[in-house]
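**Q** Got a predicted structure here, sequence first:
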Amino acid sequence: MTHQYYRLCTLALGLLALGSTAQAQRKASTKQATHQVTPQHGRPRLVVTMMVDQMTWDYLYRYQARFVEGGFKRLLTQGFNCENTRINYLPSVTAIGHSSVHTGSVPAIHGIAGNDFVKDNAPIYCTQDRSVTTVGAPNGKSGQMSPRNLLSTTIADELRIASNFRSKTIGVAIKDRASILPAGHTANGVYWLDDATGNFITSSYYMQELPEWVKRFNERDRITALLKDDWHPLFPIDSYKQSSPDLNNYENPWGKQGEVPPTLPLPTARLLQEQGKGVIRTTPFGNTLTFEMAKAAIEGEQLGSRPEETDFLAMSHSATDYVGHHYGTFAIETEDTYLRLDRDLADFLSYLDQRVGKDGYVFVLTADHAAGHNLTFEQEHKLPGSGLRTDRALKIADSTARAFTGQNLALVTRVANYQVFFNNPRIDSLGIDRMALIRAVSSALRERLPGAAFVIPAEEAQLATAPQAIRERVINGYRKGRSGEIFIVADPGWYARSSGKRALGTSHGVWSPYDTHIPLIFMGRGIRPGHLYRETYITDIAATLAALLKTQYPSGCIGHPITEAFAGH
């Protein structure tokens, strides 16, 4: 009996020990699981930057009455709204804006001096890279793109570095530059639209073949489906009180001979057949297509699904820019585009809530630039402004340079980006005093070019008799070897025109608030609701994300984190 009792006690103690071990293992497992579902440093599982190309700050309020609850209104109520965010360089154009948001830097440092600029004394497109090939469409130039001209890292690059490259970064946009520059140098995938095929493509810089999820998306031919029912207004035409009458003198017609009026409904199905799939760029359905591609990227790459890592989606909506250029800032088409964008945004935010969780992501809304009003619109409403004639500027600069040297030689190569470019190798070979020549041309432009408020030699910007805010924007916008030697600063209400023909649609690129006052809203994990009215800058966005994500700032960053946006501040 004693022996049996001993065996029973031993068995009981063994079971107790086994139970204790199992309980300890369960606790350890639970502790490990808890660690896995908490992103490092409290980071969100997904960061989404949404660039709205050519969005002026006041659209948030001009169209607010018809916004749905889950779109822009949600951002305004649940997000942190930086009401006074400005662009702090010249010129205010797409490539620079997308670069500056994500690098926290300016052209003088990150090197993207325009959509087109000069490199090695030759014109170049901002993302042009002839060393790579198109992936996803027949061989052509549409895919010969990369971020190699960008000299700084982006916040997406820094997140990849901070995670030892475990984080995933994807860029999506209709425009190549709008997807490539934000995603940076180390992106896992970057995709943009090829007009000829209607496919999202990429380049061999990133990969040799499209992922299966991109192929499947392209096979759906969403462009044809989105355009087949034409563009009808969401509301009765006469109810668009925030816009000019639908038929006016400010908007570009459609068709080869301008036979299709710029009014709604627009026969997009017909235009698709006549002009090809690129038509979608200048309709609100281009934004819908971008959202759909972004969702496909999230699912195809499983972005935000790994609880221990943070992924990054750089998303840009380019259709707003094409619509704005075509129709202007007070068009019914522009208003309808933003009302549709609002509905698409509401759907996308709801999608993120379900896919990642409301506390699982950070969402950033901003713009690369805004836009001025149509010049005819200004004149009819007695507002100051006119066309700053770049053709006249070129003639003045060229004739002055020839007179200065006494030789019939072309020393001025172009006027672009509100800048005058010189043939510097020729000037150097002739032994001409370059700065004396630049000052002479600057003086002539200052005296003879209507609409030029200031004409500033870039290398002497700090000495210019102009307000400090203007001097600072010139200094920040000048990249030696890529920018022009002279900056032309337009009078308020003026923007560049290459001829004296009637201006249609609109443009941008100047320093004035209508071009440089952009929306900026943060929402999501670690962000508190609220409004900020002090001046902030486009360069502060990447710095704010770096502080939030606990990464190093991008390598060219000059911005400062907007700490008022952080929860618990």
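**A** Looks like it came in fine. Numbers count the residues shown, from 1 in each chain.
**Q** Number of residues surrounding Ala547?
**A** The number of residues packed near Ala547 is 17, by other Cβ atoms under 10 Å. C-beta here means a position set from N, CA and C on the backbone, and glycine is covered the same way.
**Q** Now it: which helix or strand?
**A** helix 540-549 (DSSP states H and E).
**Q** Now that helix: buried residues?
**A** Neighbour counts over helix 540-549 (16 or more other Cβ atoms under 10 Å) mark 540-549 as buried.
**Q** Now do the contacts for Ala469.
**A** Trp511 (Cβ atoms under 8 Å, 6 or more residues apart in numbering).
**Q** tell me the SS of it?
**A** helix (DSSP: H, G, I helix; E, B strand; the rest coil).
**Q** With adjacent residues omitted, what lies nearest to the residue nearest the centre of the chain?
**A** Per Cα atoms, centre = their mean, the C-alpha nearest to the average position across the chain is that of His98, at 3.7 Å. Spatial nearest neighbour of His98, excluding adjacent residues (Cβ to Cβ, 6 or more residues apart in numbering): Leu181 at 4.6 Å.
**Q** In PDB, list the C-alpha atoms belonging to the helix or strand that contains that neighbour.
**A** Leu181 belongs to helix 176-183 when assigned by DSSP H and E. Extracted in PDB, the C-alpha atoms of helix 176-183 (Å, rounded to 0.1, in the frame of the first residue of the first chain):
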ATOM      1  CA  ASP A 176       4.600  58.500 -63.400                       C
ATOM      2  CA  ARG A 177       6.300  61.200 -61.400                       C
ATOM      3  CA  ALA A 178       3.500  61.200 -58.800                       C
ATOM      4  CA  SER A 179       4.100  57.600 -58.000                       C
ATOM      5  CA  ILE A 180       7.900  57.400 -58.400                       C
ATOM      6  CA  LEU A 181       9.100  60.400 -56.400                       C
ATOM      7  CA  PRO A 182       7.100  59.800 -53.200                       C
ATOM      8  CA  ALA A 183       7.900  56.100 -53.000                       C
END
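**Q** Next, the angle from that helix to helix 540-549.
**A** Counting by axes from the mean of the first three to the mean of the last three Cα atoms, to 10 degrees, helix 176-183 lies at 40 degrees to helix 540-549.
**Q** Only alpha carbons, please: show stretch 195-210 as CSV.
**A** Extracted in CSV, the C-alpha atoms of stretch 195-210 (Å, rounded to 0.1, in the frame of the first residue of the first chain):
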residue,chain,number,x,y,z
ASP,A,195,-2.2,55.6,-72.0
ALA,A,196,-1.6,53.3,-75.0
THR,A,197,-2.6,50.1,-73.3
GLY,A,198,-4.6,51.4,-70.3
ASN,A,199,-2.4,49.3,-68.1
PHE,A,200,-0.6,50.2,-64.9
ILE,A,201,3.1,49.7,-65.6
THR,A,202,6.5,50.0,-64.0
SER,A,203,10.1,49.9,-65.0
SER,A,204,13.0,47.5,-64.7
TYR,A,205,14.5,49.7,-62.0
TYR,A,206,12.0,48.0,-59.7
MET,A,207,11.4,44.6,-61.2
GLN,A,208,11.5,42.5,-64.4
GLU,A,209,7.9,41.4,-64.5
LEU,A,210,4.6,42.8,-63.1
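**Q** Got the phi and psi for Ala393?
**A** Taking degrees, to the nearest 10, you get phi -60, psi -40 for the backbone angles of Ala393.
**Q** Tell me how many other residues crowd it.
**A** Neighbourhood size, Ala393 [other Cβ under 10 Å]: 27.
**Q** For it, give me the pLDDT.
**A** In this model, Ala393 is scored at 98, pLDDT.
**Q** What's the local residue count around the residue nearest to it when sequence neighbours are not counted?
**A** Computed as Cβ to Cβ, 6+ apart, the closest residue to Ala393 that is not its neighbour in sequence is Val415, at 4.7 Å. Look at Val415: counted by other Cβ under 10 Å, it has 27 neighbours.
**Q** can you map out the helices along the stretch 201-350 of the chain?
**A** 212-219, 222-227, 268-275, 285-300, 319-327, 332-355 (DSSP state H, counting those that start in this stretch).
**Q** Mean neighbour count, those helices: which tops it?
**A** Greatest average neighbour count among these goes to helix 319-327 (a mean of 24), per mean count of other Cβ atoms under 10 Å.
**Q** If you compare the directions of it and helix 332-355, what angle comes out?
**A** Using the same axes, to 10 degrees, helix 319-327 lies at 180 degrees relative to helix 332-355.
**Q** which SS state does the closest residue to Thr94 other than its chain neighbours fall under?
**A** The shortest distance from Thr94 to any non-neighbouring residue, by Cβ to Cβ, 6+ apart, is to Asp368 (5.2 Å). The assignment at Asp368 comes out as coil when based on three-state DSSP.
**Q** pretty sure Asp368 contacts His102?
**A** No: in this structure, Asp368 is not within contact of His102 by Cβ atoms under 8 Å, at 10.4 Å.
**Q** Break this protein into its domains for me.
**A** 46-86+127-358, 387-497 (automatic domain parsing).
**Q** any chance of the ones you listed in TSV, plus distance to Arg528?
**A** Formatted as TSV, these follow (distance: least, Cβ to Cβ, whole Å):
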stretch	distance to Arg528
domain 46-86+127-358	6
domain 387-497	30
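**Q** do you know which of those lies nearest Gly556?
**A** domain 46-86+127-358 (3.1 Å; Cβ to Cβ).
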